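S.K.: can't give you the sequence, but here's the structure:
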Ligand SMILES: [Zn+2]
């Protein structure tokens, strides 16, 4: 992350300062500084980072230093040690995390407090690398996560031995672990055009940090994730447009990494639809229910709500599971679903494509052709279905199958209401054609089930049915246990 690419002082829309010394902090476009700035605002009880005063900064510094020092002197078995691991992951070479740090709290406190001294009114000063305000202090990698020293040789301001950072930004960069979703080795921060969502993410994480310091890593339950917290905040926004980006990073001495995932702008619209519509809620809950995973000892290894929320995020490198793909795979479990469940999952897939990707194909005719062919083809419906499944996502093979189906049905004297021109969009290799093929399969399976075509046994385990029914009646995105997971890196 290049610190100089991000200054964003365009804060004209921010409410005017509440006190004389407000304006000592700006939430910039740098995602780490921004998460820290929101944490400072939350910790200071201010609605916006720009309303934080110099006195507020003093209070936050006191808390940040006290927590860091308590963590630095804690034994490895103490609850507070979890916070030390968090700090170590972010600032591995700092005074409080160094392996040779003094175990004297007073010495550590003095050393830490020094980091946050006010900027000199006189003497040498530079524009802050993050926000552009006047800065008299120069920082480097040991206090600034993700700032690379080697790279800095080329990008540092001329004649300066590090990054000039103003007091507001220095405090923000150390309030970062309170505003980020932290694990023992990584941190995740949020950027969203809706400030309210950023604030909610920070509020949740400040609470989570307090809990972690109090209860330790082993006191954290495992049913939440940063994605789930973001998706809840997006749902709370209502049906507007708001893209989000989650930046996860590890500030390791050897191998630092950054991973970026995004939600599309219309995800809040989709969430509002799901919340307000019973069949869609059912579809969502079925999806979440079937994403839950347990290990051999019955310990939950993946929580449904968190897993479902993650499907709304797309990785920058393209290596993420999609909601559509997940629903597709579930729908092929033909022995699992009642007609109502199948209809709900199918509806969920169609509405997701319509609202998030703007894809709204009319597939009824082509789905009818395939369903007719499966029902009345030359071998058993099960055999025909297996053949369709092999071709379902491949444009070329699906094209061949459709031609064969059309020919076969006509030969048998059955009506065929569609010509090849009308299925061209589904079989071609263009973008979003794959999504259409997924939706088509969902629709074919739904039609077959509606017609009572025997393609699989219906679910007949009443206990399992009852459990599923209880789960799908819960409100969407509700916590299953509680929310403060301290996961692995
Ligand atoms: Zn600054």
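M.R.: Alright, I've got the coordinates. Fair warning: this is a prediction, and the values are worked out from it, not measured in the lab.
S.K.: Can you tell me the closest non-neighbouring residue to the residue of the stretch 301-450 of the chain found nearest the ion?
M.R.: Closest contact between the stretch 301-450 of the chain and the ion, by CB to the ion, is at residue 316 (27.0 Å). In short, each C-beta sits where N, CA and C put it, glycine included. Once flanking residues are discounted, residue 316 sits nearest to residue 260: 4.2 Å by CB to CB, 6 or more residues apart in numbering.
S.K.: which of the residues in the helix or strand where the one you found lies are buried?
M.R.: Assessed by DSSP states H and E, residue 260 sits inside strand 257-263. By 16 or more other CB atoms under 10 Å, the buried positions in strand 257-263 come out as 260-263.
S.K.: ok, of these, which one's closest to residue 321?
M.R.: residue 261 (11.2 Å; CB to CB).
S.K.: and the nearest residue to the closest one once chain neighbours are set aside, how many neighbours?
M.R.: Distances taken as CB to CB, 6+ apart put residue 313 closest to residue 261, at 4.1 Å, once the chain neighbours are dropped. As a burial measure, residue 313 scores 23 neighbours (other CB atoms under 10 Å).
S.K.: Low-confidence regions, the stretch 151-300 of the chain specifically.
M.R.: Where the stretch 151-300 of the chain drops to pLDDT under 70, the residues are 151-158, 219, 221-223.
S.K.: Can you list the residue ranges for helices in it?
M.R.: Listed in chain order, the helices of the stretch 151-300 of the chain (DSSP state H, counting those that start in this stretch) span 167-179, 195-215, 226-237, 267-275, 278-291.
S.K.: Mind putting those helices into CSV with mean neighbour count and distance to residue 297?
M.R.: Output for the helices of the stretch 151-300 of the chain, formatted as CSV (neighbours: other CB atoms under 10 Å; distance: least, CB to CB, whole Å):
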stretch, mean neighbour count, distance to residue 297
helix 167-179, 28, 32
helix 195-215, 20, 22
helix 226-237, 23, 24
helix 267-275, 22, 33
helix 278-291, 21, 19
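S.K.: Those helices: which one's closest to the ion?
M.R.: Of these, nearest to the ion by CB to the ion is helix 167-179, at 3.1 Å.
S.K.: hmm, the closest one touching the ion?
M.R.: Yes. Legend: contact between helix 167-179 and the ion by CB under 5 Å from the ion is shown at residue 169.
S.K.: Contacts only, for residue 67.
M.R.: 83, 213 (CB atoms under 8 Å, 6 or more residues apart in numbering).
S.K.: One more pass at 10 Å, please.
M.R.: By CB atoms under 10 Å, 6 or more residues apart in numbering, the residues touching residue 67 are 80, 83-84, 86-87, 96, 174, 177-178, 209-210, 213.
S.K.: cool, residue 146 as well?
M.R.: 1-3, 30-32, 90, 173, 187, 247, 249-251, 256-258.
S.K.: Identify those among the residues you listed that sit within strands.
M.R.: 187, 247, 249-250, 257-258 (DSSP state E).
S.K.: from the residues you listed, which are also near the ion?
M.R.: Applying CB under 5 Å from the ion to the ones in strands among the contacts of residue 146, none is adjacent to the ion.
S.K.: Now do the buried residues in stretch 420-436.
M.R.: 423, 426-427, 433-436.
S.K.: close enough to count as contact, residue 142 and residue 87?
M.R.: No. Using CB atoms under 10 Å, residue 142 is not in contact with residue 87; the gap is 11.9 Å.
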